[in-house]
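Engineer: Attaching a predicted model along with its sequence, questions to come.
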Amino acid sequence: MSARSGVVEASISEAIARSLSEAGSWCIQWFPVYKGRRIRIAAVTPRRREYPVEMAFPSVSILLPVLNEEEDLEECLASLVAQDYQGSLEIVVADGGSTDATLEILDKHAEDPANLRVFPNPDRVQSAGINLAAGAARGEILVRVDAHTTYATDYVSKSVATLLETGASAVGGLMSAESPSRFGGAVAGAMSAKLAMGPARYRHATTRSEVDTVYLGAFRKDEFLEMGGLRMLPSHVAEDTDLYFRWRQRGGRVIVEPSIRSVYRPRRTPGALARQFYRYGLGKADMLYVNGVWPSWRPAAPLLLIVGLIGGIALVPLSWWPLVALLALWLGALALTARFRPLVVVAGAIMHLAYGVGLWRGLFRSPRKVRAAVR
């Protein structure tokens, strides 16, 4: 690398890392989308600044898959259109056939200063939506987002800066959860506890670190397409973890940067939480059968918990003590990490049990059939 190219690369990173808050101007035009709707595109034209040529910003496409997201989409979109990124920025939405107010909310936010395009996702699943949006994206860098999450105004800026500074295949921030609802708040508390959710660094890192996976993520479009995008696993979850595993197997690096900030809205009811973590368990079984190995051995804990509980119940005719001892150890550890908040203990217990049952259910499937079902 020449001395000048080194200066150029540093200048790009420094420029993107700054929190620049000056508003841009925009023009409005109509853009046709599906289902008879038309969404207005507000093409951002930032105020002209006397930047050197080497401080140009890479173009960015935000990928947003949605399906009946009316509860959280409003806040999500508001945080995305408020991004301070000074380069070309668009939001590419893949809708899986929403029947609630999702499309009306998208229509409303077409008034905002963001380049918003909406495409139908006939497969209805998230991984297919992300691949579809990535194929339609115009940006050099893809930033994957989720409708259940809101984003700091510098989320895109810091994602791009970290990607350029590290040369990593993918970068992301910590998964931080909050909820205004009582049970959702308990789930958020459980998600922040190491004994409830495990010691994964993408949840608890305090410094920039290399990790096995990140929440959501940002990556270069050409590298993502070269990897074939996300594979559609039978469970329709864990595809991002699968992508990062495959990237790392090819020598790529996945980096977590704690200053990339977002807030996830967890499930609001015990039933929704149980279904979510049951599917997470199925997804981990998919990964084992498809890749031949897990990215980490963290899933072993809920597996052993289910075995222990079944064994303890089986021994009840002989003695209650094994079951009582296991429950006391497990729930006591949860209570300690939850700071003795009962509802947080309940949320953590649901996560463990649903995940463990889903994982065992997934492992009892035929590995050959699981591999054959991958698209």
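Structural biologist: Looks like it came in fine.
Engineer: residue ranges of the strands in the stretch 101-250 of the chain, please?
Structural biologist: Taking DSSP state E, counting those that start in this stretch as the criterion, the stretch 101-250 of the chain carries its strands at 115-120, 141-144, 149-151, 170-173, 209-210, 215-220.
Engineer: Turn those into JSON lines, including mean pLDDT and mean neighbour count.
Structural biologist: Where C-beta positions appear, they are placed from N, C-alpha and C, glycine not excepted. Listed next are these as JSON lines, based on pLDDT from 0 to 100; neighbours: other CB atoms under 10 Å:
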{"stretch": "strand 115-120", "mean pLDDT": "92", "mean neighbour count": "20"}
{"stretch": "strand 141-144", "mean pLDDT": "98", "mean neighbour count": "26"}
{"stretch": "strand 149-151", "mean pLDDT": "96", "mean neighbour count": "23"}
{"stretch": "strand 170-173", "mean pLDDT": "96", "mean neighbour count": "27"}
{"stretch": "strand 209-210", "mean pLDDT": "92", "mean neighbour count": "14"}
{"stretch": "strand 215-220", "mean pLDDT": "95", "mean neighbour count": "23"}
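Engineer: Format those strands as TSV; extra columns: distance to Leu163.
Structural biologist: Formatted as TSV, those follow (distance: least, CB to CB, whole Å):
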stretch	distance to Leu163
strand 115-120	20
strand 141-144	7
strand 149-151	16
strand 170-173	5
strand 209-210	14
strand 215-220	6
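Engineer: Ok, which of those comes nearest Leu304?
Structural biologist: Shortest distance between Leu304 and these, using CB to CB, is found for strand 215-220: 25.7 Å.
Engineer: Quick check, pLDDT for Pro295.
Structural biologist: Pro295 is assigned a pLDDT of 67 by the prediction.
Engineer: Might you list the low-confidence residue ranges for the chain?
Structural biologist: Scanning the chain for pLDDT under 70 picks out 1-55, 111-114, 295.
Engineer: How much space separates the residue nearest the centre of it from Met351?
Structural biologist: With distances taken as CA atoms, centre = their mean, Leu216 lies nearest the centre of the chain, 2.8 Å away. Using CB to CB, to the nearest Å, Leu216 is found at 20 Å from Met351.
Engineer: nearest to Ala186, of the strands of the stretch 101-250 of the chain?
Structural biologist: strand 149-151 (18.6 Å).
Engineer: Residues touching the closest one, excluding its own?
Structural biologist: With CB atoms under 8 Å, 6 or more residues apart in numbering as the test, strand 149-151 has contacts from 72, 75-76, 78-80, 83, 145, 216, 261-265.
Engineer: List phi and psi for the residue lying closest to Leu282 once chain neighbours are set aside.
Structural biologist: Spatial nearest neighbour of Leu282, chain neighbours left out: Ser235 (3.8 Å); criterion: CB to CB, 6 or more residues apart in numbering. Main-chain dihedrals, Ser235, degrees, to the nearest 10: phi -80, psi -20.
Engineer: Just say helix, strand or coil for the residue of the chain most remote from its centre.
Structural biologist: Largest separation from the mean C-alpha position in the chain: Leu318, at 46.4 Å (CA atoms, centre = their mean). Three-state assignment for Leu318 (DSSP: H, G, I helix; E, B strand; the rest coil): coil.
Engineer: Any figure for the gap between it and Pro122?
Structural biologist: For Leu318, the distance to Pro122 (CB to CB) stands at 56 Å.
Engineer: what do you get for Tyr289?
Structural biologist: Taking CB to CB, one finds Tyr289 at 27 Å from Pro122.
Engineer: Give me the more crowded residue out of the two.
Structural biologist: Between Tyr289 and Pro122, Tyr289 has the larger neighbour count (other CB atoms under 10 Å), namely 20 against 11.
Engineer: My read is that that one contacts Val370, right?
Structural biologist: Yes. With contact defined as CB atoms under 8 Å, Tyr289 and Val370 form a contacting pair (4.3 Å).
Engineer: before we move on, back to that, mind checking which of the contacts of strand 149-151 are buried?
Structural biologist: Applying 16 or more other CB atoms under 10 Å to the contacts of strand 149-151, the neighbour count classes 72, 75-76, 79-80, 83, 145, 216, 261-265 as buried.
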